[in-house]
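> Structure, please.
(one chain, ligands or ions: 1)
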Amino acid sequence: MATFILQDATGIGSDDLDPTQGFIDMTIIANDTGLGIADPAAGKQRITYTRSVNGPPQLRLDAMINTGFSPDYGSGANNVDTIVVAGLKSLVLDDGTSMANNGTALPPKSSGLPGASLNPTEQCLVIYDTQLTICVASAGSGGSLDLGVSAPVALYHEFSHAFRIVNNTLLALTGTCDPSSPEERAAIIDENDLRTDLANRQGASATLRDPGNHCGKTDSDCESCCIIATLVSRSPVSRQVQMLRCARDHFVRGTEVGHAFFDHFFRDYYAFSPQACTLMAGDQSLRRQLLDGFVEPLLDFWNIMVARGRRVMSSTQLGTAFIALHPDRLHAERRHAALLGTSAYWESADGQSTETPAQLMALLRERAWPSPYMQWALVAPVRLMHALLTRYLAGADAPAIGRAFTEALDAWAPEVPICTLWAALPAAQVRRELAFCERALLQTTKSKTRFRQRLGERFCDITAVAGVLGQSQAIDKGDTWRTTTANPTS
Ligand SMILES: [Zn+2]
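Residues are numbered from 1 along each chain as shown. Here you go, the predicted structure:
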(Lines give C-alpha, C1' and ligand atoms only; values in the text may rest on other atoms or scores of the structure.)
Protein backbone atom coordinates (compact mmCIF):
# COMPACT_ATOMS: atom_id res chain seq x y z
CA MET A 1 0.00 0.00 0.00
CA ALA A 2 2.39 2.66 -1.09
CA THR A 3 3.63 4.93 -3.82
CA PHE A 4 7.32 4.96 -4.72
CA ILE A 5 9.67 6.73 -7.11
CA LEU A 6 11.94 4.33 -8.92
CA GLN A 7 15.68 4.91 -8.68
CA ASP A 8 16.97 1.82 -10.43
CA ALA A 9 15.27 0.71 -13.65
CA THR A 10 16.86 -2.75 -13.80
CA GLY A 11 14.31 -5.19 -15.23
CA ILE A 12 12.03 -2.43 -16.53
CA GLY A 13 14.08 -0.45 -19.01
CA SER A 14 17.27 1.47 -19.70
CA ASP A 15 18.49 3.26 -16.61
CA ASP A 16 17.69 6.76 -17.93
CA LEU A 17 15.75 7.98 -14.91
CA ASP A 18 15.36 11.34 -13.24
CA PRO A 19 13.86 10.50 -9.82
CA THR A 20 14.58 13.99 -8.45
CA GLN A 21 12.49 15.51 -11.21
CA GLY A 22 9.78 12.93 -10.48
CA PHE A 23 9.58 14.18 -6.92
CA ILE A 24 9.60 17.82 -8.07
CA ASP A 25 6.67 17.12 -10.40
CA MET A 26 4.80 15.48 -7.53
CA THR A 27 5.42 18.48 -5.28
CA ILE A 28 4.10 20.78 -8.00
CA ILE A 29 0.95 18.63 -8.13
CA ALA A 30 0.59 18.63 -4.33
CA ASN A 31 1.53 22.28 -3.67
CA ASP A 32 1.43 21.13 -0.08
CA THR A 33 4.32 20.92 2.40
CA GLY A 34 3.08 17.57 3.73
CA LEU A 35 4.62 15.67 0.81
CA GLY A 36 7.83 13.86 1.68
CA ILE A 37 10.26 11.31 0.33
CA ALA A 38 12.05 8.57 2.23
CA ASP A 39 15.66 7.53 1.74
CA PRO A 40 16.26 5.07 -1.10
CA ALA A 41 15.74 1.39 -0.31
CA ALA A 42 15.78 -1.51 -2.76
CA GLY A 43 16.12 0.80 -5.75
CA LYS A 44 13.18 3.05 -4.95
CA GLN A 45 12.07 5.84 -2.64
CA ARG A 46 8.79 5.80 -0.79
CA ILE A 47 6.57 8.88 -0.97
CA THR A 48 4.80 10.06 2.17
CA TYR A 49 1.97 12.55 2.38
CA THR A 50 0.19 14.27 5.25
CA ARG A 51 -2.33 16.35 3.39
CA SER A 52 -3.33 19.87 4.45
CA VAL A 53 -4.88 21.09 1.18
CA ASN A 54 -8.35 19.97 0.01
CA GLY A 55 -8.30 20.37 -3.78
CA PRO A 56 -9.10 17.45 -6.11
CA PRO A 57 -5.40 16.87 -7.04
CA GLN A 58 -4.39 16.71 -3.38
CA LEU A 59 -7.28 14.38 -2.48
CA ARG A 60 -6.36 12.09 -5.37
CA LEU A 61 -2.69 12.09 -4.42
CA ASP A 62 -3.61 11.36 -0.80
CA ALA A 63 -5.70 8.39 -1.95
CA MET A 64 -2.89 7.06 -4.15
CA ILE A 65 -0.26 7.37 -1.43
CA ASN A 66 -2.17 6.43 1.70
CA THR A 67 -4.64 3.72 0.62
CA GLY A 68 -3.85 0.02 0.69
CA PHE A 69 -5.02 -1.27 -2.70
CA SER A 70 -5.69 -5.01 -3.05
CA PRO A 71 -7.45 -5.45 -6.35
CA ASP A 72 -8.73 -8.88 -7.41
CA TYR A 73 -8.08 -9.27 -11.13
CA GLY A 74 -9.56 -12.78 -11.10
CA SER A 75 -7.10 -14.85 -9.11
CA GLY A 76 -7.63 -13.43 -5.62
CA ALA A 77 -6.88 -10.07 -3.97
CA ASN A 78 -3.26 -8.92 -4.03
CA ASN A 79 -1.50 -5.85 -2.72
CA VAL A 80 -0.51 -3.49 -5.55
CA ASP A 81 1.88 -0.57 -5.07
CA THR A 82 2.27 2.31 -7.50
CA ILE A 83 5.78 2.92 -8.80
CA VAL A 84 6.53 6.23 -10.54
CA VAL A 85 9.12 5.84 -13.28
CA ALA A 86 10.26 9.40 -14.07
CA GLY A 87 12.19 8.99 -17.30
CA LEU A 88 14.51 11.05 -19.41
CA LYS A 89 13.84 11.34 -23.15
CA SER A 90 16.24 8.45 -23.71
CA LEU A 91 14.31 5.99 -21.51
CA VAL A 92 13.49 2.80 -23.41
CA LEU A 93 11.46 -0.02 -21.87
CA ASP A 94 12.90 -3.53 -22.03
CA ASP A 95 10.56 -4.47 -24.90
CA GLY A 96 11.98 -1.58 -26.98
CA THR A 97 9.17 0.96 -26.37
CA SER A 98 10.63 4.48 -26.35
CA MET A 99 9.21 6.75 -23.68
CA ALA A 100 10.25 9.99 -25.41
CA ASN A 101 7.28 12.41 -25.31
CA ASN A 102 5.28 9.61 -23.84
CA GLY A 103 3.44 8.57 -20.72
CA THR A 104 1.72 5.37 -19.71
CA ALA A 105 0.30 3.53 -16.73
CA LEU A 106 0.97 -0.21 -16.84
CA PRO A 107 -1.20 -2.68 -14.87
CA PRO A 108 0.49 -5.58 -12.98
CA LYS A 109 1.75 -8.25 -15.38
CA SER A 110 -0.70 -10.97 -14.32
CA SER A 111 -3.74 -8.65 -14.16
CA GLY A 112 -4.75 -9.38 -17.75
CA LEU A 113 -5.57 -5.68 -18.25
CA PRO A 114 -4.49 -3.79 -21.40
CA GLY A 115 -0.78 -2.98 -21.22
CA ALA A 116 -0.06 -5.68 -18.61
CA SER A 117 2.21 -7.61 -20.96
CA LEU A 118 4.62 -4.62 -21.07
CA ASN A 119 4.96 -4.69 -17.28
CA PRO A 120 7.55 -7.12 -15.86
CA THR A 121 6.35 -6.49 -12.27
CA GLU A 122 3.26 -7.16 -10.17
CA GLN A 123 3.02 -3.46 -9.28
CA CYS A 124 1.35 -0.63 -11.17
CA LEU A 125 3.97 1.38 -13.11
CA VAL A 126 3.41 5.06 -13.87
CA ILE A 127 5.93 5.97 -16.56
CA TYR A 128 6.42 9.40 -18.15
CA ASP A 129 8.99 11.55 -19.92
CA THR A 130 9.92 14.39 -17.54
CA GLN A 131 11.05 16.52 -20.51
CA LEU A 132 8.11 15.98 -22.80
CA THR A 133 7.07 18.64 -25.33
CA ILE A 134 3.69 17.68 -26.67
CA CYS A 135 0.58 19.58 -27.60
CA VAL A 136 -3.01 18.43 -27.23
CA ALA A 137 -6.47 19.75 -28.09
CA SER A 138 -7.80 22.56 -25.93
CA ALA A 139 -11.50 22.52 -25.11
CA GLY A 140 -13.56 24.47 -27.63
CA SER A 141 -10.76 24.69 -30.19
CA GLY A 142 -12.41 22.26 -32.60
CA GLY A 143 -9.52 19.84 -32.34
CA SER A 144 -6.55 22.10 -33.00
CA LEU A 145 -3.57 20.84 -31.07
CA ASP A 146 -2.55 24.06 -29.34
CA LEU A 147 -2.36 23.22 -25.65
CA GLY A 148 0.91 22.29 -23.96
CA VAL A 149 1.33 19.47 -21.47
CA SER A 150 3.73 20.19 -18.63
CA ALA A 151 5.47 17.28 -16.90
CA PRO A 152 3.34 17.51 -13.71
CA VAL A 153 0.18 17.48 -15.85
CA ALA A 154 1.42 14.42 -17.75
CA LEU A 155 2.26 12.66 -14.49
CA TYR A 156 -1.13 13.50 -13.01
CA HIS A 157 -2.88 12.18 -16.12
CA GLU A 158 -1.06 8.86 -15.69
CA PHE A 159 -1.95 8.82 -11.99
CA SER A 160 -5.59 8.94 -13.09
CA HIS A 161 -5.17 5.73 -15.14
CA ALA A 162 -3.20 4.20 -12.25
CA PHE A 163 -5.98 5.02 -9.81
CA ARG A 164 -8.46 3.00 -11.85
CA ILE A 165 -5.93 0.20 -12.36
CA VAL A 166 -5.34 -0.28 -8.61
CA ASN A 167 -9.10 -0.07 -7.97
CA ASN A 168 -9.73 -2.50 -10.82
CA THR A 169 -12.16 -0.04 -12.42
CA LEU A 170 -10.32 0.55 -15.71
CA LEU A 171 -12.73 1.73 -18.43
CA ALA A 172 -12.78 0.73 -22.08
CA LEU A 173 -9.71 1.67 -24.13
CA THR A 174 -9.67 2.00 -27.91
CA GLY A 175 -6.91 2.82 -30.34
CA THR A 176 -8.53 5.98 -31.67
CA CYS A 177 -7.72 9.40 -30.31
CA ASP A 178 -10.67 11.33 -31.74
CA PRO A 179 -13.13 10.61 -30.23
CA SER A 180 -11.23 9.56 -27.13
CA SER A 181 -12.01 6.25 -25.41
CA PRO A 182 -13.95 6.23 -22.10
CA GLU A 183 -10.72 5.54 -20.17
CA GLU A 184 -8.85 8.44 -21.80
CA ARG A 185 -11.85 10.74 -21.38
CA ALA A 186 -11.81 10.01 -17.62
CA ALA A 187 -8.06 10.69 -17.41
CA ILE A 188 -8.43 14.00 -19.30
CA ILE A 189 -11.25 15.09 -16.99
CA ASP A 190 -8.95 14.41 -14.02
CA GLU A 191 -6.06 16.14 -15.78
CA ASN A 192 -8.25 19.25 -16.07
CA ASP A 193 -8.61 19.30 -12.26
CA LEU A 194 -4.88 19.87 -12.03
CA ARG A 195 -4.89 22.43 -14.86
CA THR A 196 -7.57 24.33 -12.93
CA ASP A 197 -5.66 24.06 -9.66
CA LEU A 198 -2.40 25.26 -11.25
CA ALA A 199 -4.14 28.24 -12.89
CA ASN A 200 -5.91 29.15 -9.61
CA ARG A 201 -2.56 29.33 -7.85
CA GLN A 202 -1.57 32.05 -10.34
CA GLY A 203 -4.87 33.88 -10.14
CA ALA A 204 -5.34 33.02 -13.82
CA SER A 205 -8.19 31.26 -15.58
CA ALA A 206 -7.40 27.75 -16.76
CA THR A 207 -7.23 26.59 -20.35
CA LEU A 208 -8.69 23.08 -20.26
CA ARG A 209 -8.09 20.08 -22.47
CA ASP A 210 -10.89 18.66 -24.59
CA PRO A 211 -11.97 15.39 -22.90
CA GLY A 212 -13.41 14.18 -26.20
CA ASN A 213 -10.06 14.34 -27.99
CA HIS A 214 -6.99 12.39 -26.93
CA CYS A 215 -4.80 13.27 -29.92
CA GLY A 216 -1.40 14.86 -29.49
CA LYS A 217 1.55 15.99 -31.59
CA THR A 218 5.21 16.28 -30.79
CA ASP A 219 6.65 18.32 -33.66
CA SER A 220 8.73 21.42 -32.97
CA ASP A 221 5.79 23.73 -33.77
CA CYS A 222 4.63 22.81 -30.31
CA GLU A 223 7.37 24.61 -28.59
CA SER A 224 5.77 28.03 -28.61
CA CYS A 225 2.57 26.68 -27.14
CA CYS A 226 4.49 24.70 -24.57
CA ILE A 227 6.33 27.82 -23.45
CA ILE A 228 3.00 29.54 -22.98
CA ALA A 229 1.80 26.51 -21.06
CA THR A 230 4.86 26.82 -18.87
CA LEU A 231 4.08 30.44 -18.13
CA VAL A 232 0.38 29.96 -17.67
CA SER A 233 -0.08 26.58 -16.10
CA ARG A 234 3.06 25.88 -14.14
CA SER A 235 4.06 27.49 -10.90
CA PRO A 236 6.31 30.56 -10.97
CA VAL A 237 9.12 28.36 -9.71
CA SER A 238 9.27 26.51 -13.02
CA ARG A 239 11.99 28.68 -14.51
CA GLN A 240 13.98 28.42 -11.34
CA VAL A 241 13.48 24.70 -11.46
CA GLN A 242 14.79 24.58 -15.03
CA MET A 243 17.76 26.72 -14.11
CA LEU A 244 18.46 24.55 -11.10
CA ARG A 245 18.09 21.47 -13.26
CA CYS A 246 20.69 22.87 -15.63
CA ALA A 247 23.03 23.77 -12.76
CA ARG A 248 22.41 20.39 -11.19
CA ASP A 249 23.12 18.53 -14.41
CA HIS A 250 26.37 20.39 -14.70
CA PHE A 251 27.53 20.09 -11.12
CA VAL A 252 26.49 16.55 -10.25
CA ARG A 253 27.34 14.57 -13.36
CA GLY A 254 28.95 11.46 -12.03
CA THR A 255 29.46 12.68 -8.48
CA GLU A 256 27.88 11.16 -5.39
CA VAL A 257 28.47 14.28 -3.34
CA GLY A 258 26.74 16.41 -5.97
CA HIS A 259 23.71 14.13 -5.93
CA ALA A 260 23.56 14.23 -2.15
CA PHE A 261 23.83 18.02 -2.24
CA PHE A 262 20.87 18.36 -4.59
CA ASP A 263 18.80 15.83 -2.66
CA HIS A 264 19.19 18.02 0.43
CA PHE A 265 18.72 21.15 -1.59
CA PHE A 266 15.45 20.08 -3.19
CA ARG A 267 14.09 18.72 0.08
CA ASP A 268 14.67 22.10 1.76
CA TYR A 269 13.51 24.02 -1.29
CA TYR A 270 10.18 22.22 -1.52
CA ALA A 271 9.58 22.70 2.20
CA PHE A 272 8.55 26.28 1.41
CA SER A 273 8.36 26.80 -2.34
CA PRO A 274 4.82 25.53 -3.04
CA GLN A 275 3.41 27.64 -0.19
CA ALA A 276 5.40 30.65 -1.34
CA CYS A 277 3.80 30.26 -4.78
CA THR A 278 0.37 30.17 -3.23
CA LEU A 279 1.09 33.34 -1.25
CA MET A 280 2.32 35.07 -4.41
CA ALA A 281 -0.57 33.92 -6.55
CA GLY A 282 -2.59 36.79 -7.93
CA ASP A 283 -0.16 39.43 -6.64
CA GLN A 284 1.26 40.60 -9.95
CA SER A 285 3.45 43.38 -8.55
CA LEU A 286 5.01 41.08 -5.95
CA ARG A 287 5.75 38.45 -8.58
CA ARG A 288 7.27 41.09 -10.85
CA GLN A 289 9.44 42.35 -8.00
CA LEU A 290 10.66 38.88 -7.06
CA LEU A 291 11.35 38.08 -10.70
CA ASP A 292 13.46 41.22 -11.20
CA GLY A 293 15.04 41.41 -7.76
CA PHE A 294 15.60 37.74 -7.02
CA VAL A 295 14.99 35.18 -9.77
CA GLU A 296 16.76 37.02 -12.61
CA PRO A 297 19.93 37.88 -10.66
CA LEU A 298 19.99 34.33 -9.34
CA LEU A 299 19.70 32.89 -12.87
CA ASP A 300 22.44 35.26 -14.07
CA PHE A 301 24.73 34.19 -11.25
CA TRP A 302 24.27 30.46 -11.83
CA ASN A 303 24.65 30.85 -15.59
CA ILE A 304 28.04 32.43 -14.99
CA MET A 305 28.91 29.66 -12.51
CA VAL A 306 28.04 26.97 -15.04
CA ALA A 307 30.18 28.72 -17.69
CA ARG A 308 33.02 29.08 -15.18
CA GLY A 309 32.69 25.42 -14.24
CA ARG A 310 33.22 24.41 -17.87
CA ARG A 311 36.40 26.42 -18.32
CA VAL A 312 38.48 28.38 -15.82
CA MET A 313 37.64 32.10 -16.13
CA SER A 314 40.14 34.83 -15.30
CA SER A 315 39.04 37.60 -13.01
CA THR A 316 38.70 40.04 -15.92
CA GLN A 317 36.61 37.50 -17.83
CA LEU A 318 34.32 37.30 -14.81
CA GLY A 319 34.04 41.09 -14.72
CA THR A 320 33.27 41.21 -18.44
CA ALA A 321 30.63 38.50 -18.07
CA PHE A 322 29.00 40.47 -15.27
CA ILE A 323 28.97 43.73 -17.22
CA ALA A 324 27.50 41.97 -20.25
CA LEU A 325 24.41 41.18 -18.16
CA HIS A 326 23.51 44.86 -18.13
CA PRO A 327 23.15 46.19 -21.67
CA ASP A 328 22.68 49.79 -20.52
CA ARG A 329 22.66 51.97 -17.46
CA LEU A 330 18.88 52.12 -17.24
CA HIS A 331 18.73 48.32 -17.08
CA ALA A 332 21.39 48.25 -14.36
CA GLU A 333 19.60 50.92 -12.33
CA ARG A 334 16.27 49.15 -12.61
CA ARG A 335 17.83 45.84 -11.55
CA HIS A 336 19.54 47.57 -8.64
CA ALA A 337 16.29 49.09 -7.43
CA ALA A 338 14.61 45.67 -7.59
CA LEU A 339 17.48 44.10 -5.63
CA LEU A 340 17.12 46.80 -2.96
CA GLY A 341 13.41 46.00 -2.77
CA THR A 342 13.89 42.28 -2.27
CA SER A 343 16.85 42.65 0.12
CA ALA A 344 14.25 43.23 2.84
CA TYR A 345 13.48 39.52 2.59
CA TRP A 346 16.82 38.54 4.10
CA GLU A 347 18.54 41.68 5.35
CA SER A 348 16.11 42.82 8.03
CA ALA A 349 14.92 40.54 10.79
CA ASP A 350 11.54 42.19 11.21
CA GLY A 351 10.79 43.21 7.67
CA GLN A 352 10.65 46.98 7.97
CA SER A 353 9.52 47.29 4.40
CA THR A 354 5.77 47.82 4.45
CA GLU A 355 5.61 46.42 0.93
CA THR A 356 6.86 43.02 2.05
CA PRO A 357 3.87 40.76 2.69
CA ALA A 358 4.14 39.59 6.27
CA GLN A 359 3.00 36.04 5.57
CA LEU A 360 5.58 35.43 2.88
CA MET A 361 8.28 36.96 5.05
CA ALA A 362 7.28 34.72 7.97
CA LEU A 363 7.27 31.63 5.74
CA LEU A 364 10.75 32.37 4.42
CA ARG A 365 12.11 33.19 7.86
CA GLU A 366 10.70 30.00 9.33
CA ARG A 367 11.15 27.47 6.52
CA ALA A 368 13.65 28.75 3.99
CA TRP A 369 16.44 30.84 5.50
CA PRO A 370 17.38 28.48 8.36
CA SER A 371 18.53 26.00 5.71
CA PRO A 372 22.25 26.35 4.94
CA TYR A 373 21.42 25.04 1.45
CA MET A 374 19.00 27.90 0.77
CA GLN A 375 21.45 30.42 2.23
CA TRP A 376 24.35 29.21 0.14
CA ALA A 377 22.59 28.50 -3.15
CA LEU A 378 19.87 31.19 -3.20
CA VAL A 379 20.51 34.04 -0.78
CA ALA A 380 24.29 34.50 -0.89
CA PRO A 381 24.42 34.60 -4.73
CA VAL A 382 21.77 37.32 -4.92
CA ARG A 383 23.53 39.38 -2.24
CA LEU A 384 26.77 38.95 -4.14
CA MET A 385 25.19 40.14 -7.40
CA HIS A 386 23.67 43.09 -5.54
CA ALA A 387 27.06 44.14 -4.14
CA LEU A 388 28.70 43.87 -7.59
CA LEU A 389 25.97 45.92 -9.20
CA THR A 390 26.42 48.66 -6.59
CA ARG A 391 30.12 48.81 -7.53
CA TYR A 392 29.33 48.81 -11.22
CA LEU A 393 26.92 51.72 -10.87
CA ALA A 394 29.61 53.58 -8.92
CA GLY A 395 31.84 53.36 -12.02
CA ALA A 396 33.94 50.21 -11.55
CA ASP A 397 35.34 48.75 -14.81
CA ALA A 398 35.64 45.09 -15.88
CA PRO A 399 39.00 44.39 -14.14
CA ALA A 400 37.78 46.01 -10.90
CA ILE A 401 34.44 44.16 -11.00
CA GLY A 402 36.34 40.98 -11.80
CA ARG A 403 38.60 41.36 -8.77
CA ALA A 404 35.62 41.96 -6.50
CA PHE A 405 33.81 38.99 -8.09
CA THR A 406 36.79 36.68 -7.54
CA GLU A 407 37.13 37.81 -3.95
CA ALA A 408 33.43 37.25 -3.34
CA LEU A 409 33.58 33.78 -4.92
CA ASP A 410 36.58 32.90 -2.77
CA ALA A 411 34.51 33.72 0.29
CA TRP A 412 31.38 31.98 -0.97
CA ALA A 413 32.31 28.83 -2.91
CA PRO A 414 34.24 26.92 -0.20
CA GLU A 415 31.38 27.45 2.27
CA VAL A 416 29.17 25.05 0.27
CA PRO A 417 27.22 22.86 2.73
CA ILE A 418 29.17 19.67 3.35
CA CYS A 419 27.03 16.55 3.53
CA THR A 420 27.80 13.52 5.67
CA LEU A 421 28.16 11.34 2.57
CA TRP A 422 31.88 12.22 2.40
CA ALA A 423 32.38 10.09 5.49
CA ALA A 424 31.06 7.00 3.74
CA LEU A 425 33.26 7.17 0.64
CA PRO A 426 36.37 5.08 0.03
CA ALA A 427 39.61 7.04 -0.41
CA ALA A 428 39.72 6.69 -4.20
CA GLN A 429 36.28 8.22 -4.49
CA VAL A 430 37.00 11.00 -1.98
CA ARG A 431 39.90 11.89 -4.28
CA ARG A 432 37.67 11.93 -7.37
CA GLU A 433 34.92 13.96 -5.69
CA LEU A 434 37.42 16.47 -4.33
CA ALA A 435 39.01 16.85 -7.76
CA PHE A 436 35.57 17.50 -9.26
CA CYS A 437 34.68 20.13 -6.61
CA GLU A 438 37.98 21.86 -7.16
CA ARG A 439 37.60 21.96 -10.92
CA ALA A 440 33.90 22.80 -11.19
CA LEU A 441 33.38 25.09 -8.24
CA LEU A 442 36.41 26.13 -6.20
CA GLN A 443 39.11 26.79 -8.82
CA THR A 444 41.34 29.25 -6.89
CA THR A 445 44.03 28.20 -4.43
CA LYS A 446 42.42 30.24 -1.65
CA SER A 447 39.07 28.61 -2.22
CA LYS A 448 40.53 25.09 -2.41
CA THR A 449 42.56 25.58 0.75
CA ARG A 450 39.56 26.77 2.72
CA PHE A 451 37.35 23.91 1.50
CA ARG A 452 39.99 21.30 2.39
CA GLN A 453 40.30 22.89 5.80
CA ARG A 454 36.55 22.60 6.39
CA LEU A 455 36.47 19.04 5.11
CA GLY A 456 39.42 18.13 7.32
CA GLU A 457 37.84 19.66 10.41
CA ARG A 458 34.49 18.03 9.80
CA PHE A 459 35.84 14.54 9.12
CA CYS A 460 39.10 14.55 11.07
CA ASP A 461 38.37 11.08 12.40
CA ILE A 462 37.46 9.59 9.02
CA THR A 463 40.51 7.80 7.71
CA ALA A 464 39.65 8.01 3.99
CA VAL A 465 39.03 11.77 4.03
CA ALA A 466 41.94 12.61 6.31
CA GLY A 467 44.22 10.38 4.26
CA VAL A 468 43.29 11.97 0.95
CA LEU A 469 43.60 15.51 2.35
CA GLY A 470 47.06 14.78 3.75
CA GLN A 471 48.07 13.10 0.52
CA SER A 472 46.78 15.79 -1.81
CA GLN A 473 48.62 18.46 0.18
CA ALA A 474 51.81 16.45 -0.32
CA ILE A 475 51.05 16.06 -4.03
CA ASP A 476 50.49 19.81 -4.36
CA LYS A 477 53.82 20.50 -2.75
CA GLY A 478 55.42 17.98 -5.07
CA ASP A 479 53.81 19.61 -8.11
CA THR A 480 55.05 23.03 -7.09
CA TRP A 481 58.50 21.69 -6.54
CA ARG A 482 58.53 19.88 -9.87
CA THR A 483 57.44 22.93 -11.83
CA THR A 484 60.15 25.09 -10.29
CA THR A 485 63.02 22.63 -10.78
CA ALA A 486 64.01 20.30 -13.53
CA ASN A 487 62.07 17.04 -13.49
CA PRO A 488 64.32 14.82 -11.39
CA THR A 489 63.11 11.37 -12.33
CA SER A 490 60.01 9.98 -13.93
ZN1 LIG B 1 -4.02 8.57 -21.05
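> I figured T174 hits R185, correct?
No. Using C-beta atoms under 8 Å as the test, T174 is too far from R185 to be in contact (10.7 Å). Glycine gets a C-beta too; all of them are placed from N, C-alpha and C.
> Enumerate the residues of the chain near the ion.
E184, A187 (C-beta under 5 Å from the ion).
> Can you give me the domain assignment for the chain?
Domain segmentation of the chain under automatic domain parsing yields 3-233, 238-417, 421-490.
> would you turn the ones you listed into JSON lines with mean neighbour count and mean pLDDT?
Below are these laid out as JSON lines (neighbours: other C-beta atoms under 10 Å; pLDDT from 0 to 100):
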{"stretch": "domain 3-233", "mean neighbour count": "19", "mean pLDDT": "87"}
{"stretch": "domain 238-417", "mean neighbour count": "17", "mean pLDDT": "83"}
{"stretch": "domain 421-490", "mean neighbour count": "15", "mean pLDDT": "75"}
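> Can you tell me what sits against stretch 366-377?
33, 261, 264-265, 268-269, 271-272, 275-276, 346, 378-379, 412, 415-417 (C-beta atoms under 8 Å, 6 or more residues apart in numbering).
> do the same with stretch 167-184
Here stretch 167-184 has contacts from 69, 71-73, 107, 113-114, 137, 143, 161, 164, 185-186, 188, 211-216, using C-beta under 8 Å, 6+ apart.
> From the chain's centre, how far out is that stretch? Work that out for me.
32 Å (C-alpha atoms, centre = their mean, to the nearest Å).
> Which ones among the contacts of stretch 167-184 map onto strands?
With DSSP state E as the criterion, strands contain A137, G216 from among the contacts of stretch 167-184.
> Select from the contacts of stretch 167-184 every entry located in helices.
Judged by DSSP state H, the contacts of stretch 167-184 include H161, R164, R185, A186, I188 as members of helices.
> Show the contacting residues for the last one.
Put plainly, it is I188. I188 neighbours (C-beta under 8 Å, 6+ apart): H157, S180, R209, D210, P211, H214.
> For these, please prepare JSON lines with the additional fields distance to L93.
Listed next are those as JSON lines, based on distance: C-beta to C-beta, whole Å:
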{"residue": "H157", "distance to L93": "18"}
{"residue": "S180", "distance to L93": "24"}
{"residue": "R209", "distance to L93": "26"}
{"residue": "D210", "distance to L93": "29"}
{"residue": "P211", "distance to L93": "28"}
{"residue": "H214", "distance to L93": "21"}
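> which of those residues lies closest to the ion?
Checking those against the ion with C-beta to the ion, the nearest one is H157 at 5.5 Å.
> How far off centre is the helix or strand containing that closest one?
In the assignment (DSSP states H and E), H157 maps to helix 151-166. Distance of helix 151-166 from the chain centroid (C-alpha atoms, centre = their mean) equals 20 Å.
> Please apply the same query to stretch 3-15.
Using C-alpha atoms, centre = their mean, the offset of stretch 3-15 from its chain centre is 19 Å.
> Identify all contacting residues around that stretch.
16-17, 19, 22-23, 26, 37, 40, 43-47, 64-65, 81-87, 90-94, 99, 120-121, 125.
> Could you rerun that using 7 Å?
17, 19, 22-23, 40, 43-47, 64-65, 81-86, 90-94, 120 (C-beta atoms under 7 Å, 6 or more residues apart in numbering).
> Same check on stretch 90-99?
I12, G13, S14, D16, L17, G87, L118, P120, I127, D129.
> first vs last residue of that stretch, how far apart are they?
7 Å (C-alpha to C-alpha, to the nearest Å).
> Pick out whichever of the contacts of stretch 90-99 sits closest to T449.
L17 (37.4 Å; C-beta to C-beta).
> Distance check, that closest one against D129.
11 Å (C-beta to C-beta, to the nearest Å).
> Now do the shared contacts for those two.
Residues touching both L17 and D129 (C-beta under 7 Å, 6+ apart): G87, L91.
> Report the two of the contacts of I188 separated the most.
H157 and D210 (13.5 Å).
> Find the closest residue to the ion in this protein.
A187 (4.3 Å).
> How about that residue, nearest residue that isn't a chain neighbour?
S160 (4.1 Å; C-beta to C-beta, 6 or more residues apart in numbering).
> Next, give phi and psi for Q45.
Backbone torsions of Q45, given as degrees, to the nearest 10, read phi -120, psi 130.
> tell me the contacts of it?
F4, I5, Q7, P19, I37, A38, D39.
> For L455, see how far away it is.
Relative to L455, and taking C-beta to C-beta, Q45 is found at 27 Å.
> Looks like W422 contacts V465 (just checking).
Yes. Between W422 and V465 there is a contact under C-beta atoms under 7 Å: 5.8 Å.
> start to end distance for stretch 263-275?
Span of stretch 263-275 from end to end, C-alpha to C-alpha: 20 Å.
> And the contacts of whichever strand or helix holds V126?
Counting by DSSP H and E, the element that carries V126 is strand 124-129. With C-beta under 7 Å, 6+ apart as the test, strand 124-129 has contacts from 80, 82-87, 89, 91, 99-108, 119, 154-155, 158-159, 162, 165-166.
> Please find the angle between the direction vectors of that strand and helix 151-166.
Angle, strand 124-129 to helix 151-166, by axes from the mean of the first three to the mean of the last three C-alpha atoms, to 10 degrees: 160 degrees.
> So in that sheet, which strands flank strand 124-129, and in what orientation?
strand 82-87 (parallel), strand 103-106 (antiparallel) (DSSP bridges).
> Next, format the ones you listed as TSV and append distance to L198.
Listed next are those as TSV, based on distance: least, C-beta to C-beta, whole Å:
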stretch	distance to L198
strand 82-87	19
strand 103-106	17
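> close enough to count as contact, T48 and D39?
No. Using C-beta under 7 Å, T48 is not in contact with D39; the gap is 11.5 Å.
> can you give me the strands for the protein?
3-6, 35-37, 44-49, 82-87, 103-106, 124-129, 135-137, 145-148, 216-217.
> As CSV, the ones you listed with distance to A427 would be great.
Output for those, formatted as CSV (distance: least, C-beta to C-beta, whole Å):
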stretch, distance to A427
strand 3-6, 31
strand 35-37, 30
strand 44-49, 28
strand 82-87, 33
strand 103-106, 43
strand 124-129, 39
strand 135-137, 51
strand 145-148, 49
strand 216-217, 51
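> Among the ones you listed, which comes closest to G395?
Nearest to G395, of the strands of the chain and by C-beta to C-beta, is strand 145-148 at 45.3 Å.
> thought Q21 was touching S150?
No. Proximity of Q21 to S150 does not meet the contact threshold set by C-beta under 7 Å, at 11.9 Å.
> which ones are touching the closest residue to T390 other than its chain neighbours?
Nearest in space to T390, with sequence neighbours left out and distances taken as C-beta to C-beta, 6+ apart, is H336 at 6.9 Å. Taking C-beta under 7 Å, 6+ apart, we find H336 in contact with L389, T390, L393.
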